[in-house]
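1. what's the 3D shape of this:
(2 chains)
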Amino acid sequence: MSPETAVTTMHIRRFDLKSRILHGIVMTTFLGLAATGLPLLFSDAPWGRALARLFGGFQGAGLVHRFFGAVLLAAVVWHVGDALWRAFVRGERGILWGPTSMVPQPRDFVDFFQQVRWFLRLGPPPRFERFTYWEKFDYWAVLWGTGLMGAAGLVLWFPQAASRILPGWMFNVALFVHGAEATLAIGFIFVVHFFNGHLRPGKFPMDLVWFTGSVTDHHLLEERAAQYDRLVRTGELAALVVAPPTDAQTRKGYVVGTVGLTLGIGFIMLILYAVL
Amino acid sequence: MRTLFRVSLFTGALLLCAGASGAEQSVTPPANDDCLACHGDPSAKRANGSPVAFDETTQKTFAKSKHADVACVDCHQDLAALEEFPHPDSLAKVNCGTCHDTAQEKYSKGVHAQARRNGGMLAAACVDCHGKHDIQGAAEPSSPTNHQNLPSLCAKCHGNQDIIDRGHIQIGNVAAKYHDSIHGKALEKSGLVVAPSCVDCHGNHAIARKTDAASPVFRRNIPATCGKCHTGIKQQYDAGVHAAALQKGDSRAPVCADCHTAHAIQRADTDAWRVGVAAECGSCHADVVASFKLTFHGKVTELGFSRVAACADCHGAHEILPASNPASLVSPGKLVATCGKCHTNASASFVRYDPHPNPANYRRGRVLWWANRFYWAVIPACFGFFGLHSLLWFWRSRKNGGRS
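-> All right, here's what the predicted structure looks like:
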């Protein structure tokens, strides 16, 4: 990076307000769901009881859990509805396929292959588009997980109603799936997503793009060369230039991000303490 | 002859004591007055200078005691035959069995007498419980052997750590446990005299070890002992599978004390008790409790909250029957009603829930088995894949000076 380009830093919008609010909702409810669900998942751990008591016992924890679950489910349903509406009603086909789509496509496999090659020092890093393969994995994992856990959660929330269409042993399956999927989700988000998105060298201690919504142009070029080239080529880049985040905004982002990261890592430590 | 002797002694004592004990002479029988001629004289001293006279309390309590009309020499028989007075400082041991032969016979079979025969002289003898000159009938409210005072009486030893240690009392401080138990609180705090004290379960003179088949606290006798008061529960217990096993001689079959404990019995509707009961059942039914802990019921219970079903809520507490018995709360015909105690509107479909799931048992629940298999494959695969991915990335980025 030459000094001239550094002076003319541009801030490029990556996430619109809707997406940032969605990440905020998912993040808040996910942490809340983990805090209120972990005591049940690790009921034999010494901290399980204390954590449950923090929310006023299992009933209080259950109430908070169902509240967050309902909010997350509503947010995800709204998001899916919004995406489908944009794709099929407004005709934004880019949502369904292409460089701006979340849908996995051949280039992701090429990217992954190149990334591994780069890990092993056998080639240059891949030139990523708007969404990398691990980001797509995160996205679909959350979507799939929320759908499955939401469904299982609703069965457990309304057992009498559920038993009208499902046999009672589905409660066993629902509780098991809810817990197993939670293990997967908590482990994935608080370790893999935290590392990929925030803690890895180059991002450490955190990436505030989910909060500010923008990245600098040289960051974009470095991390998503293919997207940068495409935006320059099509002339879309200029339309995406936004004002740099204010200091206050950045500060707030760091505070919220630190709380989130700390809680998440804290939960992982509790789990490790219980398991090991 | 004895009377003559007493009269002559009395005359001699009068000369010596010069009417100093005149007040007592009018209320005590003459025979005992002879003794009081010395033992009522504050100025009479032994060779070592200690006073001979009974203190005032002893004199008063003896007068009110069950033995007020008994002659001194009836108990202190060695003095009856003695001709020379004053008598030696040390007297022969009083034998209560002279009169109380039945009680003494029972006592001689009990643990206290056994301990004393084996040299454990800390073990209670007659006087340790009944007192000496102040002896009272158990009906007297102030008697140490009165029902309400018995727990404190036994606690003199069974609540005294020093005696427990020195006397090698293996059961430990049972008095403290009893004191905090539902029985102890009822009797000692609430004055509820129907609540049992020590002797109601252990007997009094012939207290036997719990290993003694004749003891009321011997394993097989415990239901009958508790059933003396808890008649209704005894009937339920007798109808259940545990009583049947006990009758057959299965020593593992639980009796009252296994779940409720012997001395520290608590209310069965407290959170602590309800939460702890699964552990009791689990001491035999380990696999059943392990599967219970996989359920919402089990997990909430394990967290220490009692609002959800634990063992007894579904299986019953005392009249526990196998599911194959139509009278059992968990028999197919009764499941809807049993689950319905909490889950109003529980249906036949609802009760197909497995309250003791085993994900490793394919026949018990196929979908659960597959779900278990699936996640046991997916979770390690996912964490393994991305764990390696992250490690490689970390390693590569560090070598690359922080480039992503």
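2. Please name the nearest non-neighbouring residue to the residue of the stretch 151-300 of chain B found nearest chain A.
-> Closest contact between the stretch 151-300 of chain B and chain A, by Cβ to the nearest Cβ, is at residue B:299 (4.0 Å). No exception for glycine: its C-beta is placed from N, CA and C like everyone else's. In this structure, residue B:299 finds its nearest non-sequential neighbour in residue A:43, 4.0 Å apart by Cβ to Cβ, 6 or more residues apart in numbering or on different chains.
3. now swap in residue A:133 and tell me
-> Using Cβ to Cβ, 6+ apart, the nearest residue to residue A:133 is residue A:108, at 4.1 Å.
4. Buried residues in the helix or strand hosting the one you found, which are they?
-> Element membership for residue A:108 (DSSP states H and E) is helix A:106-119. Buried residues in helix A:106-119, defined by neighbour count with 16 or more other Cβ atoms under 10 Å in any protein chain shown: A:107-108, A:111-112, A:114-116, A:118-119.
5. Tell me the helix or strand right after it.
-> Assigned by DSSP H and E, the successor of helix A:106-119 is helix A:133-157.
6. Buried residues, that following helix. List them.
-> Counting neighbours by 16+ other Cβ under 10 Å, helix A:133-157 gives A:133-138, A:141-142, A:145-146, A:148-150, A:152-157 as buried.
7. just stretch B:312-327 next, same as before
-> So, applying 16+ other Cβ under 10 Å, buried residues of stretch B:312-327: B:312-321.
8. Among those residues, which pair sits farthest apart?
-> Maximum pairwise distance among the buried residues of stretch B:312-327 (Cβ to Cβ): 15.0 Å, between B:313 and B:321.
9. quick one on the thing from earlier: could you give the mean pLDDT of the helix holding residue A:108?
-> For helix A:106-119, the mean pLDDT works out to 96.
10. gap between the residue lying closest to residue B:187 once chain neighbours are set aside and residue B:183?
-> Among residues not flanking residue B:187 along the chain, residue B:195 sits closest, at 4.0 Å (Cβ to Cβ, 6+ apart). Separation of residue B:195 from residue B:183 (Cβ to Cβ, to the nearest Å): 5 Å.
11. Give me the next element, helix or strand, following the helix or strand of chain A with the lowest mean pLDDT.
-> Here the helix or strand of chain A ranked lowest by mean pLDDT, DSSP states H and E is helix A:3-7, holding a mean of 49. Past helix A:3-7, further along toward the C-terminus, the next helix or strand under DSSP H and E is strand A:11-13.
12. quick one, domains of the chain?
-> Just going to use chain A. As given by automatic domain parsing, the domain ranges for chain A are A:1-16+A:213-245, A:20-96+A:132-212+A:264-275.
13. wait, chain B
-> Using automatic domain parsing, chain B is parsed into the domains B:1-94, B:271-352, B:369-404.
14. These into a markdown table, with extra columns for mean pLDDT?
-> Shown next, in a markdown table, are the domains of chain B (pLDDT from 0 to 100):
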| stretch | mean pLDDT |
| --- | --- |
| domain B:1-94 | 70 |
| domain B:271-352 | 92 |
| domain B:369-404 | 88 |
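15. Can you add distance to residue A:162 and give the ones you listed back as TSV?
-> What follows is those, written out as TSV (distance: least, Cβ to Cβ, whole Å):
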stretch	distance to residue A:162
domain B:1-94	73
domain B:271-352	9
domain B:369-404	16
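16. how about the ones you listed, which one is nearest residue A:205?
-> domain B:369-404 (12.8 Å).
17. What are the contacting residues of the helix or strand containing residue B:280?
-> Applying DSSP H and E as the criterion places residue B:280 in helix B:271-282. Here helix B:271-282 makes contact (Cβ atoms under 8 Å, 6 or more residues apart in numbering or on different chains) with B:254, B:258-259, B:266-268, B:288-290, B:292-293, B:298, B:301-302, B:304-306, B:310-312.
18. which of the residues you listed count as buried?
-> Looks like the contacts of helix B:271-282 have B:254, B:258-259, B:288-289, B:292-293, B:298, B:301-302, B:304-306, B:310-312 buried, using 16+ other Cβ under 10 Å.
19. how close does the residue nearest to residue B:187 get to residue A:98?
-> According to Cβ to Cβ, residue B:195 stands 82 Å off from residue A:98.
20. what does residue A:211 give?
-> 27 Å.
21. Same check on residue B:111?
-> Residue B:111 is 90 Å from residue A:98, by Cβ to Cβ.
22. In terms of neighbours, single out the busier of those two.
-> Using other Cβ atoms under 10 Å in any protein chain shown as the criterion, residue B:111 and residue A:98 rank with residue B:111 on top: 19 against 13.
23. since we're on the residue in chain A positioned nearest to chain B, how many residues are nearby?
-> Chain B sits closest to residue A:168 of chain A, with a gap of 3.4 Å, by Cβ to the nearest Cβ. Residue A:168: 21 surrounding residues under other Cβ under 10 Å.
24. Now for it: which residues touch it?
-> B:349-354.
25. Rebuild the residues you listed as TSV, extending it with secondary structure.
-> Below are the contacts of residue A:168 laid out as TSV (DSSP: H, G, I helix; E, B strand; the rest coil):
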residue	secondary structure
B:349	coil
B:350	helix
B:351	helix
B:352	helix
B:353	coil
B:354	coil
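26. My guess is residue B:291 contacts residue B:359. True?
-> No. Contact between residue B:291 and residue B:359 fails when scored by Cβ atoms under 8 Å: they sit 9.4 Å apart.
27. quick revisit: isn't the residue of the stretch 151-300 of chain B closest to chain A right up against residue B:292?
-> No. Contact between residue B:299 and residue B:292 fails when scored by Cβ under 8 Å: they sit 9.3 Å apart.
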